[in-house]
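Asker: Quick one, structure for this:
(2 chains)
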2 protein chains.
Amino acid sequence: MAVVGAGLAGLTAARRLTAAGVSVAVVEARDRVGGRVLNEDIGGGNVVEVGAQWIGPTQDRLAALAAEVGVDTFPTYGDGQNVLEYAGRLRRYSGTIPRINPLVLIDVERAQRKLNRLARSVPTEAPWEAENAARLDSETAATWMRRNVFTRAGRSLLELGIEAVWAAEPEDMSLLHMLFYIHSAGSLQMLFDTEGGAQQDRFVGGSQRIPIRVAEELGERVLLGHPVRSIAHGPDGVLVRADGAEISARRAIVAIAPTLAGRVSYDPPLSGYRDQLTQRMPLGTVAKCMAIYPEPFWRADGLSGEGTSDVGPVRLTFDNSPPDGSVGVLLGFLEGRHARRLGRLPAGERRTAVVDCFARLFGPRAASPEAYVERLWAEEEWSRGCYGCHLPTGAWTNYGPALREPIGPLHWAGAEIATVWNGYMDGAVRSGETAAQEVLERLV
Amino acid sequence: MAVVGAGLAGLTAARRLTAAGVSVAVVEARDRVGGRVLNEDIGGGNVVEVGAQWIGPTQDRLAALAAEVGVDTFPTYGDGQNVLEYAGRLRRYSGTIPRINPLVLIDVERAQRKLNRLARSVPTEAPWEAENAARLDSETAATWMRRNVFTRAGRSLLELGIEAVWAAEPEDMSLLHMLFYIHSAGSLQMLFDTEGGAQQDRFVGGSQRIPIRVAEELGERVLLGHPVRSIAHGPDGVLVRADGAEISARRAIVAIAPTLAGRVSYDPPLSGYRDQLTQRMPLGTVAKCMAIYPEPFWRADGLSGEGTSDVGPVRLTFDNSPPDGSVGVLLGFLEGRHARRLGRLPAGERRTAVVDCFARLFGPRAASPEAYVERLWAEEEWSRGCYGCHLPTGAWTNYGPALREPIGPLHWAGAEIATVWNGYMDGAVRSGETAAQEVLERLV
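Answerer: Numbering: from 1, shown residues only, chains lettered A, B, ... in the order given. Below you'll find the predicted structure:
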């Protein structure tokens, strides 16, 4: 078996297949494993994650994998008050609900309930079969919001939430895709929340320890630094050609984002139906930015480090310090249009813009970090965006079945393929397990 | 100079540069020139075009090029009545306006006027600078139609028109993109019409004679059968690596659709800003289908061969017989969702579906063609769709400037780059001329 891509999906698939006694080679473009999961060393034995990092309730397959390879979790720091920069003022609040105009809160709350209810009507296995699929796929999340969120501030808050979850703007996305994604996670609250939601816990030593440990188990089966350029495929199997490596196998699991899978050359070429799907799955845009301080000084001020801003460009922050709090790390996200705009600035200007936001939210001590770390995922040749792919209008209903359906000996995996926690590490793990299962059923 | 792609854009650029005394190599993946412009021999000295074929008023640069290489035009056959299958009935009508419910006609007419007016507010050089750009780019053509076309039949007719022009569905496209495209052609009428519009005239011997003649002029400068895989670029120039060929040059004009340009590997990798644009320019979906008869029998019945249907799957037909009418050719388009659905059927079933439509519109003689020719452009590895790329919501306003801006020694050409007649052969020629000009200014 050949596996293309040593992210969580590909590695999970390879691990499953290896456990079943199948011989596997994982071919990876980069000189490291983990894909969009990546630790960065900040000295003193500490790391920060510049890619995916959290785990939350119901993300059971990721939890199981982490447990199996011996990577522990710890709670995301959340003691104290959150800050909100909103309508020109800085406010502190406790819990998940800021003290802003109650009409706005009611407005947002009602919109969220409506989205959750609509989301439950979208089958995650086949969004195109939703009762109202054509209609839901013909409009953007932006036009839905225009009709269903009545206050300007409510739309602004929901837009911030959309940016945070999809690293894209409401106008980028089909409403049907948004609903599918919500359903695959359970609810909007599951996507938005820290405690009880997708941002609840972190991994000791950084999330990349999971793929690194899996890769260690797989040993020489993982081939780094070999970008796959073409895959010949037919009834007799596959021939995967990468720079400096060729793998022939009975089947291949292509475990890279669909956009990138569309850039591989296939022989024979894949159908227009499959290819045109890959033309309609752009990746989101995010810069993950962290400022490092001698200590998490905001904790002493009674702040959790969690902050949101209606100004930006950093619209969302977290305390991302190591478990022992030995240094302080403020994490800020540039997402969607903010990442697209700031991604084109020189690094120094971007750092200034980000650190200025931290200082507005957490006071003057935030203005002078000891170090600054950032990662712009759209610049990465072998990712080309983060967190994952979203589908614009018309894509699910016109091309949906092409997303998961194997083509001869070619199988698809990756966070974008998952039906549960699509777009998340948990979804990536699930998709790898599913692809391995598909292959095992056909190898018999 | 290296030119990637021997379609009309690349060949026009190469011709200009050659005329200016610049040494040029055109590297083409296919074993033929013309890209989405392609003749197919139907015997007896006749050809049909399975790709782009028409020329109309204001398409002056295509007209000039055709004249320079000695390819003549003749009028699209349009004598007699058109047919319309609509609301379960077959009707004949003369001129451009069918005799259907006048309320529907008024409805469509008003929507067209409104679209034309809106289109004029969108600068073709910079659609993202339209006064209301963010709003226009946040919704699809489908939701605009829902608010602005009041009759169900009116929406159906406009949908048919959109499929015919963009080979896509109203839900696929940003309203801003639709408006840009209308403006770049002049008006919706210019896009829709035969006489006085984009379908007015045809080329004697088939449109592909134009790129073929240009390629003959260029001689050995055109290298066929060499798919370009990577382009190294820097201040010292470019190194274009193709299967079986390497070209080093001072600059390169990449004259392939942006989606395909995004699949080339660049060293150093291009910015996320440019790359993410190419993730947001899917190609349309069309199957061009032609049935060939001993004679154009519909002419004797007083019919023009032009027909439309609200049922489909063929929604639009033309008389595509050779100039002398020595054989009869009915041309039918499968576009947008119809092409996506029928493109997945076995060829025999698709032929039956198409010929059945011809028989419904033109009578039982149409049921038994002597031959049948079709081309599904999404299946073509080096096109991956037709007629061209459209932009989904959010793409123009978030990424627009990345479309035309050269990157160091890399320049962009192709019908998608044009500001006048975007998506048409005329636009391709213009984009080639512009790219050649850009290069000449920088070579001095």
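Asker: Run through the residues that contact whichever residue of the stretch 301-444 of chain A sits closest to chain B.
Answerer: Minimum separation of the stretch 301-444 of chain A from chain B (Cβ to the nearest Cβ) falls at A:A378, amounting to 2.6 Å. Just so you know, the C-beta spots here come from the backbone N, C-alpha and C atoms, and that holds for glycine as well. A:A378 makes contact with A:283, A:285-286, A:339-340, A:343, A:384-386, B:271-273, B:275-276, according to Cβ atoms under 8 Å, 6 or more residues apart in numbering or on different chains.
Asker: Considering these, which possesses the most neighbours?
Answerer: In terms of neighbours by other Cβ atoms under 10 Å in any protein chain shown, these top out with A:T285 at 33 neighbours.
Asker: Tell me the predicted confidence for that one.
Answerer: At A:T285, the predicted lDDT confidence score is 98.
Asker: Disregarding residues adjacent in the polypeptide, which is nearest to the residue of the stretch 301-444 of chain A closest to chain B?
Answerer: What sits nearest to A:A378 in space, not counting adjacent residues and going by Cβ to Cβ, 6 or more residues apart in numbering or on different chains, is B:G272, at 2.6 Å.
Asker: do the same with A:H177
Answerer: In space, A:H177 is closest to A:L391, 4.2 Å off (Cβ to Cβ, 6+ apart).
Asker: what's the answer for A:W421, then?
Answerer: Spatial nearest neighbour of A:W421, excluding adjacent residues (Cβ to Cβ, 6+ apart): A:G427 at 4.1 Å.
Asker: Now the helix or strand where the one you found lies: buried residues?
Answerer: Using DSSP states H and E, the element containing A:G427 is helix A:425-443. The neighbour-count check on helix A:425-443 (16 or more other Cβ atoms under 10 Å in any protein chain shown) flags A:425-436, A:438-439 as buried.
Asker: Please identify which of those residues is nearest to A:A232.
Answerer: Nearest to A:A232, judged by Cβ to Cβ, of the buried residues of helix A:425-443 is A:V439 at 17.9 Å.
Asker: Quick check: the gap between that closest one and B:K114.
Answerer: 54 Å (Cβ to Cβ, to the nearest Å).
Asker: quick one: pLDDT of the residue nearest to A:A378?
Answerer: We have a pLDDT of 98 for B:G272.
Asker: any low-confidence regions in chain A?
Answerer: For chain A, the stretches with pLDDT under 70 are A:444.
Asker: tell me the phi and psi of the residue of it positioned farthest from its centre?
Answerer: Each residue of chain A has a distance to the centre, and by Cα atoms, centre = their mean the biggest one is for A:D236: 35.4 Å. Dihedral pair for A:D236: phi -90, psi 0, per degrees, to the nearest 10.
Asker: same question, the one 5 residues further on
Answerer: When quoted as degrees, to the nearest 10, the phi and psi of A:R241 stand at phi -110, psi 120.
Asker: What parts of the stretch 1-150 of chain A come near chain B?
Answerer: Contact residues, the stretch 1-150 of chain A versus chain B (Cβ under 8 Å from any Cβ of the partner chain): A:134, A:137-140, A:142-143.
Asker: Between which two of these is the distance greatest?
Answerer: Most distant of the residues of the stretch 1-150 of chain A next to chain B, by Cβ to Cβ, are A:A134 and A:A142, 18.6 Å apart.
Asker: who has more neighbours, those two?
Answerer: Set A:A134 next to A:A142 and count neighbours by other Cβ under 10 Å: A:A142 wins out with 24 against 17.
Asker: Let me know the secondary structure of that one.
Answerer: Of the three states, A:A142 takes helix under DSSP: H, G, I helix; E, B strand; the rest coil.
Asker: what's near enough to touch it?
Answerer: Here A:A142 is in contact with A:169-171, B:138-139, B:393 (Cβ under 8 Å, 6+ apart).
Asker: Out of those residues, which is nearest to B:R120?
Answerer: Nearest to B:R120, judged by Cβ to Cβ, of those is B:E139 at 18.8 Å.
Asker: center of chain A - which residue?
Answerer: Centre-nearest of chain A using Cα atoms, centre = their mean is A:Y387, 3.3 Å out.
Asker: wait, isn't it in contact with A:V286?
Answerer: Yes: between A:Y387 and A:V286 there is a contact at 6.5 Å, judged by Cβ atoms under 8 Å.
Asker: if we can go back for a sec, what number of residues lie near the residue nearest to A:H177?
Answerer: The tally of other residues near A:L391 (other Cβ under 10 Å) stands at 29.
Asker: same check, this time on A:T124
Answerer: By other Cβ under 10 Å, neighbour count at A:T124 equals 18.
Asker: Confirm for me that it is in contact with A:I417.
Answerer: No: at 11.6 Å, A:T124 does not count as touching A:I417 under the criterion of Cβ under 8 Å.
Asker: quick one: the strands in the stretch 151-300 of chain A?
Answerer: Per DSSP state E, counting those that start in this stretch, the stretch 151-300 of chain A carries strands over the ranges A:201-203, A:222-223, A:228-234, A:237-242, A:245-249, A:252-254, A:265-267, A:286-293.
Asker: Quick one, which of these gets closest to chain B.
Answerer: Across those, chain B has its closest neighbour in strand A:228-234 (7.1 Å, Cβ to the nearest Cβ).
Asker: List the strands paired with the closest one, with their directions.
Answerer: Using DSSP bridges, strand A:228-234 pairs in its sheet with strand A:237-242 (antiparallel), strand A:265-267 (parallel).
Asker: Pull the residues that contact the last one.
Answerer: Translated: strand A:265-267. Counting by Cβ under 8 Å, 6+ apart, A:229-233, A:410, B:227 sit against strand A:265-267.
Asker: ranges for the helices of the stretch 301-444 of chain A?
Answerer: Here the stretch 301-444 of chain A has its helices, by DSSP state H, counting those that start in this stretch, at A:337-342, A:347-362, A:395-399, A:425-443.
Asker: Nearest to A:V71, out of those?
Answerer: Across the helices of the stretch 301-444 of chain A, A:V71 has its closest neighbour in helix A:425-443 (11.6 Å, Cβ to Cβ).
Asker: Show me what the closest one is packed against.
Answerer: Applying 3 or more Cβ pairs under 8 Å, 6 or more residues apart in numbering or on different chains; DSSP states H and E, one finds that helix A:425-443 contacts helix A:8-19, helix A:60-68, strand A:252-254, strand A:410-412.
Asker: The third one vs chain B: in contact?
Answerer: No: among the residues of strand A:252-254, none lie within reach of chain B under Cβ under 8 Å from any Cβ; the closest is 15.1 Å away.
Asker: and that strand, which strands flank it?
Answerer: According to DSSP bridges, strand A:252-254 has the following sheet partners: strand A:2-4 (parallel), strand A:410-412 (parallel).
Asker: most tightly surrounded among these?
Answerer: Mean neighbour count, computed with mean count of other Cβ atoms under 10 Å in any protein chain shown, is highest for strand A:2-4 among the strands paired with strand A:252-254, reaching a mean of 30.
Asker: chain center to that strand: distance?
Answerer: 21 Å (Cα atoms, centre = their mean, to the nearest Å).
Asker: In the stretch 1-150 of chain A, which residue sits closest to chain B?
Answerer: Nearest residue of the stretch 1-150 of chain A to chain B: A:S138, at 3.7 Å (Cβ to the nearest Cβ).
Asker: Please name the residues that touch that residue.
Answerer: Applying Cβ under 8 Å, 6+ apart, we find A:S138 in contact with A:393-394, B:140, B:142-143, B:170-171.
Asker: make it 10 Å
Answerer: A:132, A:174-176, A:393-394, A:397, B:139-143, B:145-146, B:169-172 (Cβ atoms under 10 Å, 6 or more residues apart in numbering or on different chains).
Asker: ok, now A:R351?
Answerer: Shown here is A:R351, whose contacts under the criterion Cβ under 10 Å, 6+ apart are A:289, A:291, A:342, A:345, A:369, A:372-374.
Asker: Can I get those residues in a markdown table including neighbour count?
Answerer: Below are these laid out as a markdown table (neighbours: other Cβ atoms under 10 Å in any protein chain shown):
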| residue | neighbour count |
| --- | --- |
| A:C289 | 28 |
| A:A291 | 27 |
| A:L342 | 22 |
| A:L345 | 13 |
| A:P369 | 21 |
| A:Y372 | 16 |
| A:V373 | 20 |
| A:E374 | 18 |
